[in-house]
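In: Please find the sequence and the predicted model below.
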Amino acid sequence: MLEVYTFTVPGRPIGKDRPRFDTRAMRTYTPRKTKIYERKVQQAFRLENPEATPLLGPVKVTIFAYFSIPKSWSKKKHSWAADGLIRPSTTPIDCDNIAKAVCDGLNGIAYKDDHQIVRLEVEKVYTEKEERAKVFVESVPDWEG
C-alpha cells in the first residue's frame, strides 16, 4: 500500500546553511539556525502525522515554499505575484537548500534515511497568506525490471 504524509511548516521557509568549522574543537557543526528549522520541520510532521512510522523503500518528496509578497512592490507587480506570474527567484533561498533542510529534518521520522528519496520537487511561490512550507512525502512503487 502506498502511503502519503502531508504537513505544513509554519513561518518563512529557510535553506540549509553550509556546515561550519570550529577551529578550537577541530570539528564541523550544523549552524544553529539550521538546527532550529530542522526541529521545526520534525515538530510539524509529528503534529500532523502522530501515528506515522518511517516509510521503507523509494520515496517522493514535494515541497511548496510560500513567501510573502514584498510590501514595497507596486499594486501591479503585487497582482502579478499573487496570480503566480512572478516567482521568488532572488537569493538567498535556493530550492536545493530548502529541500536539504526539510529532507534532513525528516530523516528517521518520515523515512529511514534521505537516500530513499528517488524524486524531489521544490516550488517557490508568493502568497498573500502566511509564509510556510507545505510538504508531501509519499512512498512510490519500487519497480524491478
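Out: Okay, I see it.
In: what helix or strand does the residue most central in space within the chain sit in?
Out: Centroid-nearest residue in the chain, with CA atoms, centre = their mean: V102, separated by 3.7 Å. Counting by DSSP states H and E, the element that carries V102 is helix 95-106.
In: For the protein, which segments count as helices?
Out: 32-48, 75-82, 95-106 (DSSP state H).
In: Tabulate those helices (TSV), appending distance to G57 and mean pLDDT.
Out: Placement of C-beta: from N, CA and C, glycine included. Putting those into TSV (distance: least, CB to CB, whole Å; pLDDT from 0 to 100) gives the following:
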stretch	distance to G57	mean pLDDT
helix 32-48	19	92
helix 75-82	39	93
helix 95-106	15	94
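In: which of those helices is buried the deepest?
Out: helix 95-106 (a mean of 21; mean count of other CB atoms under 10 Å).
In: chain center to it, what's the gap?
Out: In terms of CA atoms, centre = their mean, to the nearest Å, the centre of helix 95-106 is set 5 Å apart from its chain centre.
In: heads up, I number from 25, so please use that
Out: Got it, first residue is 25 now, which makes that one helix 119-130.
In: which residues touch it?
Out: 33, 37-41, 58, 61-66, 69, 85, 87, 89, 138, 141, 144, 146-148, 157, 159, 161 (CB atoms under 8 Å, 6 or more residues apart in numbering).
In: report the angle between the axes of it and helix 56-72?
Out: 60 degrees (axes from the mean of the first three to the mean of the last three CA atoms, to 10 degrees).
In: who wins for proximity to L79 among the helices of the chain?
Out: Among the helices of the chain, the nearest to L79 by CB to CB is helix 119-130 (9.8 Å).
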